[in-house]
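> Sequence first, predicted coordinates after that:
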Amino acid sequence: MEFPKDFIWGVASSAYQIEGSYKSEGKGLSVWDTYTHEQGNISDLETGDIACDNYRLLDKDVEIMSALKIQAYRFSVSWPRILPEGYGKINEKGLDHYDRLVDKLLEKNITPYITLFHWDFPYELYLKGGWLNRDVAKYFAEYVNIVVNRLSDRVKYWITENEPQCYIGAALQDGNHAPGLSLGKKDIFLAAHHSLLAHGHAVTAIRGAAKQPPVIGYAPASWYLWSPISDDPADIEACRAKTFAAGEDPIGATSWWLDPVCLGKYPDTSMYQYKEYLPKVTDYDMKIISQPIDFIGMNVYQTYRGKADGQGQCVTVKEEPGYAHTDAGWSVTPEALYWGPKFYEARYHKKLYITENGISNQDWVCLDGNIHDYQRIDFLHRYLLQLHRAISEGIPVEGYFHWTLTDNFEWATGYSNRFGIVYIDFINQDRIIKDSGVWYRRVIESNGGTLLSGSDGF
Ligand code: FCB
């Protein structure tokens with residue numbers, strides 16, 4: 001069996017990681033712009049000032065996508081490019097840019113999927129209290145309204161926010177993402193609540209402004225995912241329960257973000273466990289947060305492996321010495337794309353997209369001028385077979401967005417991690433399609449057929 005006939009094969013990116021032109025044409029600064037310029041935050045003081053220069057080279061990048069037969073492109077709009085101060089004054093040139101991008105994509109038959117916020121928070125709003133300021137949720141809706149008004153005659157698919165675990169947890173609690181704070185629990189839960197409110201207001205803003213029926217999603221990180229090491233129902237149940245438990249690290253947990261949005265409440269046990277730190281949660285707020293959405297975007301890279309102990313609790317199984325891992329140190333665990341969608345569907349009953357999945361690899365230009373990234377091909381092949389297994393069992397996964405098209409600025413690790421199916425020479429901005437890019441094109445052209453026949457040709 002092939003993949004479903006309308007299955008979407010795409011690639012994903014985000015504004016700060018690729019655009020560059022960080023001060024051009026009226027753009028305001030984001031917290032990533034200021035953070036990367038401070039000594040000691042990113043090694044070698046690497047920044048996204050230029051990145052892949054995609055703001056200027058967008059035609060080229062769309063041409064590459066077209067050559068690779070990419071069907072859909074998930075990209076993010078930079079909030080401070082549209083509203084340099086986060087609200088109020090609009091930067092028309094910023095809007096013109098995304099207008100051009102959307103037109104160019106459509107000209108090449110590539111469907112745009114727009115992420116409205118992928119971490120490049122306006123610096124001016126940070127000075128006004130950032131996510132601790134409840135008004136930020138309203139400012140976000142103002143920005144969303146402007147973007148949707150401008151682009152929704154041509155754009156149907158919207159993702160409100162990407163991975164709040166990072167821009168709240170990693171950024172405000174763990175201090176290793178911009179703006180690099182280490183706030184206490186009370187502040188973190190408050191900021192998280194405001195981020196959820198921002199999501200909810202954004203959903204309402206999209207539905208209010210859209211010029212065609214919108215399809216709306218939300219894409220938290222799927223870090224906490226446990227996959228059973230056997231088919232024993234006890235192992236499966238233990239892993240499922242652990243995947244949604246939000247006890248040890250609630251802000252990192254999936255359910256902290258998805259339960260309020262999809263089930264209208266915070267996870268019960270955590271509510272109890274963290275009671276003294278939580279803000280007052282009103283029915284009014286929960287109503288805003290749980291506005292209906294159409295799909296969940298899953299960003300999945302790896303899974304823990306687990307089994308049940310005698311009491312049905314999940315025990316994490318340690319990887320064997322020398323286990324397969326990517327250049328970022330993430331484990332190669334393809335069943336993440338089987339168990340992840342299965343567990344999410346069972347809990348939330350929503351359509352799913354894999355909005356991110358990929359591998360950082362030690363890629364370089366070989367003597368013959370090509371990039372032979374066989375590990376990426378093998379990784380993808382294994383993961384996509386597992387995704388196919390989930391779909392064959394009826395799990396409603398509508399599409400797969402590979403992270404990412406071009407190598408780019410990988411946040412805290414700068415340019416040291418290469419995630420693209422297209423190689424970037426960051427000195428002269430040359431692009432070279434890697435072997436995995438050619439391979440992915442064949443997967444797309446055969447709607448996954450080459451995966452299943454095992455004849456990938458490499
Ligand atoms: C995800 C981010 C994305 C990229 C990948 C590798 O957590 O959403 O921007 O950095 O990891």
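Great, that's in hand.

> Name the SS class of Y73, please.
strand (DSSP: H, G, I helix; E, B strand; the rest coil).

> Now do the same contact list for it.
Neighbour list for Y73: 10-13, 62, 65, 105, 110-113, 405 [criterion: C-beta atoms under 8 Å, 6 or more residues apart in numbering]. Quick note: C-beta positions are derived from backbone N, CA and C, even for glycine.

> need those residues in a markdown table with distance to the ligand and pLDDT, can you?
Shown next, in a markdown table, are those (distance: C-beta to the nearest ligand atom, whole Å; pLDDT from 0 to 100):
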| residue | distance to the ligand | pLDDT |
| --- | --- | --- |
| G10 | 14 | 99 |
| V11 | 12 | 99 |
| A12 | 8 | 99 |
| S13 | 8 | 99 |
| V62 | 20 | 99 |
| M65 | 18 | 99 |
| L105 | 20 | 99 |
| I110 | 20 | 99 |
| T111 | 20 | 99 |
| P112 | 18 | 99 |
| Y113 | 14 | 99 |
| L405 | 12 | 99 |
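
> if you look at those residues, which of them are in strands?
10-12, 111-113 (DSSP state E).

> just the strands in this structure please.
Under DSSP E, the chain gives strands at 8-12, 72-76, 111-117, 157-162, 215-219, 226-228, 295-299, 304-308, 314-316, 351-356, 397-403, 422-424, 431-433.

> among those strands, which is nearest L337?
strand 351-356 (6.7 Å; C-beta to C-beta).

> Which positions in the stretch 1-150 of the chain make contact with the ligand?
Proximity of the stretch 1-150 of the chain to the ligand is confined to 14, 17 under the rule C-beta under 6 Å from any ligand atom.

> Check the stretch 1-150 of the chain for the residue nearest the ligand and tell me.
Here the stretch 1-150 of the chain gets closest to the ligand at one residue, S14, 4.9 Å apart by C-beta to the nearest ligand atom.

> Is it correct that that residue is in contact with F75?
Yes: here S14 reaches F75: they are 7.1 Å apart, a contact under C-beta atoms under 8 Å.

> Quick check: neighbours shared by the two?
T115.

> Now render the contacts of Y73 as JSON lines, adding neighbour count.
Below are these laid out as JSON lines (neighbours: other C-beta atoms under 10 Å):
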{"residue": "G10", "neighbour count": "23"}
{"residue": "V11", "neighbour count": "29"}
{"residue": "A12", "neighbour count": "29"}
{"residue": "S13", "neighbour count": "26"}
{"residue": "V62", "neighbour count": "23"}
{"residue": "M65", "neighbour count": "23"}
{"residue": "L105", "neighbour count": "22"}
{"residue": "I110", "neighbour count": "20"}
{"residue": "T111", "neighbour count": "18"}
{"residue": "P112", "neighbour count": "22"}
{"residue": "Y113", "neighbour count": "25"}
{"residue": "L405", "neighbour count": "30"}
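
> And the residues you listed, which is closest to A245?
For the contacts of Y73, the nearest to A245 is A12 (27.9 Å; C-beta to C-beta).

> buried stuff in stretch 127-142?
Buried residues in stretch 127-142, counting neighbours by 16 or more other C-beta atoms under 10 Å, are found at 130-133, 136-137, 139-141.

> no no, stretch 31-48
31-33, 35-36, 41-42, 46-48.

> Ok, stretch 60-74 next?
Buried residues in stretch 60-74 (16+ other C-beta under 10 Å): 61-62, 64-65, 68, 70-74.
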